[in-house]
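Novice: generate coordinates for the sequence data below:
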Amino acid sequence: MAKGHTRVQLQFLGAAGTVTGSKSLLQTDKHKLLIDCGLFQGNESERKLNKLKMLPFSPSELDAIILTHGHLDHSGYLPVMVKKGFKGPIYATTPTRAITEVILFDSAHIQEEEAKEANKNRSESKKPLKPLYKENHVHRTMSLFKTYSDNEWVRLDDDLQFRFQKSGHILGSAMVELEVAGRRIVFSGDVGQRAPLILDPPSSIDKTDYLILEATYGDKLHDDMVSPYQALEEVVNKTFEKGGNLIIPSFAVERAQEIILILNTLMEEKSIPSFPIYLDSPMGADVTRIFQQHRDWHNLSDAECDKLTKNVNIVSDFEETLTVLDEDGPKSKIIIAGSGMITGGRILYYLKHLVGDNKNTVLLVGHQASGTRGHQLSAGAKEIEIDGEKYEVAAETSQIGSLSAHADQGDLLWWLGHFSKTPKQIFLNHGEVEAVEALKKKVEDIYKCTVTATALNKVYEL
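Specialist: Numbering: from 1, shown residues only. You can find the predicted model right below:
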């Protein structure tokens with residue numbers, strides 16, 4: 001059907017004015033697609049958006065879901081959709097499927113445990129709290145996946161096709177280049193830095209009519225003057241000199257692997273002492289194995305792949321967590337645990353015991369969304385609340401921006417420069433208001449095109 005005769009609408013059901021809950025609904029007269037299906041995280045008002053009634057459609061109405069990558073804020077709502085009637089295909093790259101499986105089972109387990117714990121002290125007059133989904137819903141979700149490599153066109157209908165293009169964000173992450181009803185639309189997903197540590201750089205795309213571009217760091221520049229190796233070396237040595245522990249809240253996908261690789265390299269070079277490293281994240285261990293199984297999706301050599309597990313004590317269950325701080329051996333330890341924004345996970349146990357000691361260091365290594373404990377620490381909070389109790393923050397808080405998996409403003413402008421023709425319209429999502437507005441102004445000044453700061457639930461005609 002000729003362009004102009006077919007309605008094409010775009011609606012942002014998450015990640016509009018925030019960095020979480022990514023869901024972009026693309027509708028035509030014939031199709032209804034969802035690009036990403038993320039869980040809202042962060043403060044209570046954002047988590048309330050996870051209720052199904054917030055969606056303007058029934059899950060059974062969707063033709064398909066296309067995932068850019070496996071992070072929870074892009075994939076974590078999938079089991080809810082399946083639980084409530086979605087039966088269509090879920091398209092992803094092969095590593096994304098593997099990572100999503102690990103993340104969703106972990107999410108289901110945490111939700112079930114949190115609901116069980118909350119209901120212990122809940123009044124009998126109140127309805128028991130239920131998890132959003134359980135592990136059986138994850139099993140059903142994974143059965144719907146169809147996987148493809150990058151650069152491979154997938155035809156869904158006579159007037160609808162798409163392909164994945166590597167985005168350099170995490171293992172398996174990809175942009176979605178889509179052609180529908182005569183329009184070309186690119187969803188960037190999360191874009192990595194122009195020179196990622198262990199991945200290929202983001203793919204260049206020649207042309208598109210419409211671009212949906214992330215803006216997580218749209219108002220910031222990573223510190224390019226200090227390499228992550230140098231920055232981590234300084235933090236480790238400073239902590240060692242104080243006789244303290246280094247606590248690193250980390251995302252299990254990509255960040256944990258990068259940190260371990262850097263630490264082992266620095267130890268080999270004798271730039272830092274040989275600290276024991278504890279990876280208290282079963283999910284992180286699973287993702288490390290996925291790295292070793294998908295060599296074509298990263299740039300690590302076999303020797304570097306071996307460094308992902310070298311000198312690492314993997315803590316499998318919470319009973320082992322309870323022994324880490326009591327173990328004999330060097331007083332100083334490096335502890336890597338989830339979650340990366342300190343919204344939950346085993347990092348909370350370590351912070352309860354260590355954040356009150358000024359010899360220790362808490363190292364933040366990724367974006368810290370507003371409302372999270374990680375954001376509070378990055379802003380210099382004097383105390384944080386964990387499980388209803390307040391804990392004084394005496395430990396030093398440090399942050400390494402160059403370890404982020406997200407492109408900064410300069411990287412995004414660099415990537416935009418590869419288009420042979422500026423897109424007709426650019427939609428900025430996945431960014432807090434200040435970041436979006438800063439990037440919007442820069443892009444308008446440089447590329448003289450229409451740039452739209454996306455609004456939650458607003459419908460845009462393409």
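Novice: how near is the residue sitting nearest the centre point of the chain to Leu403?
Specialist: Nearest to the geometric centre of the chain sits His71, at 4.1 Å (CA atoms, centre = their mean). For His71, the distance to Leu403 (CB to CB, to the nearest Å) stands at 16 Å. (Each C-beta comes from the backbone N, C-alpha and C, glycine too.)
Novice: what do you get for His74?
Specialist: In terms of CB to CB, His74 sits 20 Å off from Leu403.
Novice: look at the two and report which has more neighbours.
Specialist: Between His74 and Leu403, His74 has the larger neighbour count (other CB atoms under 10 Å), namely 31 against 23.
Novice: CA atoms of whatever helix or strand the more buried one lives in as PDB?
Specialist: According to DSSP states H and E, His74 maps onto helix 72-75. Presented in PDB, the C-alpha positions along helix 72-75 are these (Å, rounded to 0.1, in the frame of the first residue of the first chain):
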ATOM      1  CA  LEU A  72      14.900  -5.900  32.900                       C
ATOM      2  CA  ASP A  73      13.700  -2.400  32.000                       C
ATOM      3  CA  HIS A  74      13.400  -3.700  28.400                       C
ATOM      4  CA  SER A  75      12.300  -7.300  28.900                       C
END
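Novice: what's it packed up against?
Specialist: helix 94-120 (3 or more CB pairs under 8 Å, 6 or more residues apart in numbering; DSSP states H and E).
Novice: same for the helix it packs on, what does it pack against?
Specialist: Helix 94-120 sits against helix 72-75, helix 78-83, helix 135-142, strand 145-148, helix 282-293, with contacts defined as 3+ CB pairs under 8 Å, 6+ apart.
Novice: just the ones you listed: most buried one?
Specialist: Neighbour counts (mean count of other CB atoms under 10 Å) averaged over each of the helices and strands packed on helix 94-120 peak at helix 72-75, with a mean of 27.
Novice: before we move on, the earlier item: what distance do you get for the residue nearest to the centre of the chain to Val287?
Specialist: 11 Å.
Novice: name the residues contacting each of those two.
Specialist: Residues touching both His71 and Val287 (CB atoms under 8 Å, 6 or more residues apart in numbering): Val253.
Novice: what about the strands in the stretch 301-450 of the chain?
Specialist: 312-314, 334-337, 361-364, 383-386, 389-392, 396-399, 425-429, 450-453 (DSSP state E, counting those that start in this stretch).
Novice: quickly run through the sheet partners of the host helix or strand of Leu178, with directions.
Specialist: Leu178 is part of strand 174-180, with elements assigned from DSSP H and E. Partners of strand 174-180 in the sheet, by DSSP bridges, are strand 160-166 (antiparallel), strand 183-187 (antiparallel).
Novice: let me know which of these is the nearest to Thr18.
Specialist: Nearest to Thr18, of all the strands paired with strand 174-180, is strand 183-187, at 17.1 Å by CB to CB.
Novice: please state the offset of the closest one from the chain centre?
Specialist: 22 Å (CA atoms, centre = their mean, to the nearest Å).
Novice: would you put the C-alpha positions of stretch 195-203 in CSV?
Specialist: The C-alpha trace of stretch 195-203 is given here as CSV (Å, rounded to 0.1, in the frame of the first residue of the first chain):
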residue,chain,number,x,y,z
ALA,A,195,34.5,2.4,21.7
PRO,A,196,33.0,-0.2,24.1
LEU,A,197,35.5,-2.1,26.2
ILE,A,198,34.4,-5.6,25.2
LEU,A,199,31.9,-5.2,22.4
ASP,A,200,31.9,-3.9,18.8
PRO,A,201,30.9,-0.3,18.4
PRO,A,202,27.3,0.7,17.6
SER,A,203,26.5,-0.1,13.9
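Novice: perfect, I'm done here.
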